[in-house]
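Q: sequence and predicted model, in that order:
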Amino acid sequence: MSWQFAIALGALRPEGVTGVEIDGTPVALYRLGDEVFATHGICTHALAFLADGFVEDGKIECPLHQGLFDIRTGAALCAPLTEPVKTYAVKVEGDSVYVDLDGAAQGAAADAAASNDGAASATSTRRVVIAGAGQAAAAAIRALRDAGFTGSIDLIGAEAHLPYERPPLSKGVLLGTQQHDACARLRAADLTALAVTAHLNTKAVSIDAGQRIVALSNGETLAYDELLIATGGRARALPIPGADLPGVLSLRTYEDSLALGEALRRAKTVAIVGGGFIGMELASAAVELGCSAVVLEREPGLMSRVMPAPLGRAFRSLAEKHGVEVRTSTSVEAIAQDGARLVVRTNEGSIVADLVVMAVGLEPETALAAQAGCDVQNGIVVDAAGRTSVSNIWAAGDCALHHVEVSGRRVRLESWHNAEQQGAAAGRAIAGAAEAAEQTTLPWFWTDQFGLNIQVLGIPTAADAVARTGDDVAKGSIYRTFDAVTRQLTGVIAFSSPAAIRAGRNELTSGAPFDPASADAVILSNETTQEETMNAPIKMPATSAQLENRTYHWPTEGLTRVPDWVYTDEAIYKREVEKIFHGRSWNYVALEDEIRNPGDFIRSNVGPTPVVVSRAEDGSINVFENRCSHRAAEFCRDLRGNAKEFVCPYHQWSYDLKGNLAGVPFRRGVNGAGGMPKEFKNSEHGLKRLNVTTHRGVVFASYCDDMESFADYLGPEVLAEFEATFDGRTPRVLGHYRHSLPGNWKLYHENLKDPYHATLLHTFLVTFGLLVAGNKSLMLADASGRHGVMASAKSDTTNLAADTKKEMRAYKEGMSLSDPRFMKFVDEFDSPWSVTMITVWPNLIVQREMNTLGIRQIVPTGPNEFIMKWTMFGFEGDDAEMTQHRLRQGNLMGPAGFLGLEDNEAIKFVQDGMISVPDGEHVVELDPGNDGTSDTLISEAAIRGMYRHWREVMEL
Amino acid sequence: MSLALDIRPKLADDRDAQIERVLLRADIDDFNAAYAAALDSQKLVEWSEMFTDDASYVVLSRENHDGGLPVGLIYCEGRPMIFDRAFALEKTAMFAPRYLRHIISNTQVLGIEPDGAIRARANYVVLQVLFDRPDATLHQVGVYHDVFRREPGGLRLAKRHCVYDNLLVPNALCLPV
């Protein structure tokens, strides 16, 4: 016992941690109530001072990677920690605190751990095999044993090492400050303690999922009950000449890091290809090792695929302040040896360097999973527990996708934290432990650059808006990313400010809209500054700076109020294109009759996006974007026609009738000069093709590849009405109307979900007895609320009650038509209704107004206007008189129709009102308590149903 | 249609025939001026009386016309139906008030049928002024394909098919062309 004075009691932070140094040893002192505890001052995981951490519930959270230690016992409570922190005995005498560096606190974890030895004895016969020996594997093994799994565990690793963590490879290991042992996630001793059989320097080469056998590269096989694929990935290689020259390095393994560190020490200049997190960490390390670095980034900004532009600029300015040269919009085309140096040829000229490092991302190692039959989409598809699509096969870590979509896409989160989370989740699930209801920990990673520890919490996306608290790129700067429309926070990025990350957890999970004022934050423009414009490629300003200051609150009354911004706001419109027209929807594009023969095509649209609908030689119907893969030209200019192929007039790139790229002129150059790169593949440059379906001669397309069937999309009731109109006869086109409409596209849907207006606006109907409020009618809404059918049956008006007539101010007794032929109804359909108007979300209206039949296709062009394309049709087998009748009855509808022109005018009036007197809301209260089907005309229930769906899809 | 060939001045034409043609075209121009005036002053019933009993009045897009597709924005068979259009627009239709100006020009007489019916053609432009904006906009531009017949009161239209070039109708066509 040697008690040493540490500090005055009064100097200890109450309920907090205080750092002191005793005999050169950093010590963290904790004052909890009246008691004082002491631990070693440095985290057992990485070099971080616990005195900078946070005290809560008797635990200290490391500021760097959020590991938790029990303050009283020193026990490591969660990943990334694997070892307890040393504790010291403490005594308080008067106002003095004494610490004994030789004496542990009572009940310390080191003692407790000893008694646990040998707890994992293999008693179950279940066999777990883990292919891949990285961090996810180690996390899975620990979780398996923690959850009480007692079967065998076989670990297969391609490297010579047991699992280790990779973040230090671009940091401490590269700089020589951290050795391999410090990166270990599973040590030799752990193999015994956790009963793991390791097969190192060995790869799993194939899986027999039926027999549950893994074949190894050494010729052996392993039988399994559960197989975890944690194969990680490899550094992406650029397919350019010279990529394999000596002096061109990349980073993935410990050995890579050692070799790279050594090379950086020898080199004077290094060219780093790729300005992502790894690239910038390498630049930071290079500078620290005395090497001058130039970063070459293909995109106009750093990290532009994963971070909004202002953050890319922040990272860029940090690097530039430390002497790193950053060149964006610079594509590396070839590398050549020039004596002892390397010449990097780019689209922006050549750069000479001693060393070239490729940091262009990770390619997930998914071949094994694919061979086993697992669903692989740029990563192995897994659920929250790590299950793949093949039973008894699991996946985790860099090779697996995140289990939920981020901004509508499945992504891989290539981070330490993700490997830990996914590995542990799979381990727990395999062991049969109850799965956590939903993974509540937020994605998180850190990067060390130029002396700053930058932590990123949440999942920012490139499209997010950014607000900054504090100075630009300095210790303590906090950037928050958020959705410009909903104001939901998506990420917190803190520069050497662990407190901000800690606070950010609550901010991100609270769900409250982000208020820049309360965070004392300034919103950063997406626009580049003038200085940046000088040496960076020109980037158009973001859509509208004022949008970023807009907040969107749905009225507290709920669906009975619809705010104007739903109809007038540019950002909302863009989101609709993304989430509705380009989202999970079937969009009408054509009638099959318009493309009867192979080679027939028409121009059409999905939302605002121009597409071509064509019939190929094999009879298939194809829909692809009308945008050349080469230079974006809208190549198809004719409304309709017949073609053998599509040729873009600009450079004569040609496409077949399915949208595949068929020919590129001078692809091989002329006389061996020029031309496309060798590895250019036509198959990778076809037109963007859409998913296509047809139903009863009507063609639909979707940007979504895994759409439900059209029948499921409509639901049984709306489908029945669709099939009552498209009753099996072959539709034949009679002609088109096209008109612009200066109103929001949804107002058209609402017009047809609003039976209330029919007798009030359309005086014609009442005057001539076509529809009155007492008619048998129905406003049908599907279960989702998005589709609808407005239906009515023609009836006799002579018995109409006097007060009903009075209510409808339009009713004029005694008026009649001179030639009533066009009001005749030929009962040709098997339906109780003489009129049905079907709204098929998002862009189709099927009109059956007695015998005049039409498709109306909505083509939005902005929040305040859309184009309506009508395709009027009859059926094969109609005689001349029936066709004439349909044409005559067409006087009711269309932009000059007795009813149609009134709807167009009314919708224009509505938009005019919102533009002239903005920021109001609509009252949609008729038929209270209902937001679905209604059998009264005096109802707005279907409009409310539509907005219920709209808000879900729009996440508003 | 190769009818345009029929009306090229023929060398054999005598002066009387030439004068006959000029007078006929002047008649048609006068008719069109009155037609435009009726529409511009929105006297629609008056307008409907400028058609024969069996007249065909159709407004259709050039897209449909050239593609052999019959659908028209307005599709009237006979004067009663044309009258119904006029009457319904005046009495029941709801649309914003507006001023219209019809300009009819480039009149061509294409030929005269054995029964005396005159086939003719003229270009037209419709300008529209809405009251929420001060400017006139080009609402429709196209060509009339006409057949006239002489009736006791003068020329009447047995057919007027208005084929408009503009692909998009701006919002709605509230009044005839």
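A: In hand now; what should we look at?

Q: residues from chain B in reach of chain A?
A: Residues of chain B lying near chain A by Cβ under 8 Å from any Cβ of the partner chain: B:59-61, B:63-64, B:67, B:69-78, B:80-81, B:83-85, B:87-88, B:91-96, B:132, B:167-174. (Each C-beta comes from the backbone N, C-alpha and C, glycine too.)

Q: switch to 6 Å and redo it
A: B:64, B:69-71, B:73-75, B:80-81, B:83-84, B:88, B:92, B:94-96, B:167-174 (Cβ under 6 Å from any Cβ of the partner chain).

Q: among those residues, name the ones in strands.
A: B:I74, B:Y75, B:V169, B:P170 (DSSP state E).

Q: ok so, going back, pull out the buried residues from the residues of chain B next to chain A.
A: Those of the residues of chain B next to chain A that meet the buried threshold are B:64, B:69-71, B:73-75, B:80-81, B:83-84, B:88, B:92, B:94-95, B:169-174, by 16 or more other Cβ atoms under 10 Å in any protein chain shown.

Q: just to revisit the earlier point, could you list which of the residues of chain B next to chain A belong to helices?
A: Under the assignment DSSP state H, the residues of chain B next to chain A contribute B:N64, B:P80, B:M81, B:F83, B:D84, B:A88 to helices.

Q: hang on, isn't the fifth one packed against A:L817?
A: Yes - between B:D84 and A:L817 there is a contact at 5.0 Å, judged by Cβ atoms under 6 Å.

Q: please name the residues that touch the residue of chain B found nearest chain A.
A: Here chain B gets closest to chain A at one residue, B:V71, 2.6 Å apart by Cβ to the nearest Cβ. Listed by Cβ atoms under 6 Å, 6 or more residues apart in numbering or on different chains, the contact set of B:V71 reads A:L734, A:G735, A:M872, B:N64.

Q: touching, the second one and B:G72? I think so.
A: Pointing back at A:G735 there. No - using Cβ under 6 Å, A:G735 is not in contact with B:G72; the gap is 7.6 Å.

Q: which one of the two has more residues nearby?
A: Neighbours per residue (other Cβ atoms under 10 Å in any protein chain shown) separate A:G735 from B:G72, with B:G72 holding more: 28 against 25.

Q: need the pLDDT of the more buried one.
A: Per-residue pLDDT puts B:G72 at 96.

Q: same check, this time on B:Y99
A: So B:Y99 comes in at 96 (pLDDT).

Q: ok, A:E532 next?
A: pLDDT for A:E532: 42.

Q: list the residues that contact A:L761.
A: Neighbouring residues of A:L761 by Cβ under 6 Å, 6+ apart: A:E902, A:A906.

Q: measure it to A:S939 for me?
A: 16 Å (Cβ to Cβ, to the nearest Å).

Q: go on, A:Q337?
A: From A:Q337 across to A:S939, the span is 78 Å (Cβ to Cβ).

Q: tell me which of those two has more neighbours.
A: Neighbours were counted for A:Q337 and for A:S939 using other Cβ under 10 Å; A:S939 has more, 21 against 13.

Q: buried sites along the helix or strand hosting B:S105?
A: Using DSSP states H and E, B:S105 sits within strand B:98-112. When burial is assessed from 16+ other Cβ under 10 Å, strand B:98-112 yields the following buried residues: B:L100, B:H102, B:I104, B:T107, B:Q108, B:V109, B:L110, B:I112.

Q: same question for stretch A:361-374.
A: For stretch A:361-374, by 16+ other Cβ under 10 Å, it's A:L362, A:P364, A:E365, A:T366, A:L368, A:A369, A:A372, A:C374.

Q: of these, closest to A:E35?
A: Ranked by distance to A:E35 (Cβ to Cβ), the buried residues of stretch A:361-374 are led by A:L362 at 47.4 Å.

Q: spit out the contact partners of that closest one.
A: Listed by Cβ under 6 Å, 6+ apart, the contact set of A:L362 reads A:G233, A:E414.

Q: for it, what are phi and psi?
A: When read as degrees, to the nearest 10, the backbone of A:L362 gives phi -110, psi 140.

Q: what is it paired to in the beta sheet?
A: According to DSSP bridges, the partner residues bridging A:L362 are A:A235.

Q: any stretches of the chain with poor pLDDT?
A: Picked chain A for this. Across chain A, the ranges flagged by pLDDT under 70 are A:1, A:107-122, A:407, A:434-440, A:527-550, A:769-774, A:795-814.

Q: if you could check chain B rather than the one you did, that'd help
A: The model of chain B has pLDDT under 70 over residues B:1-13.
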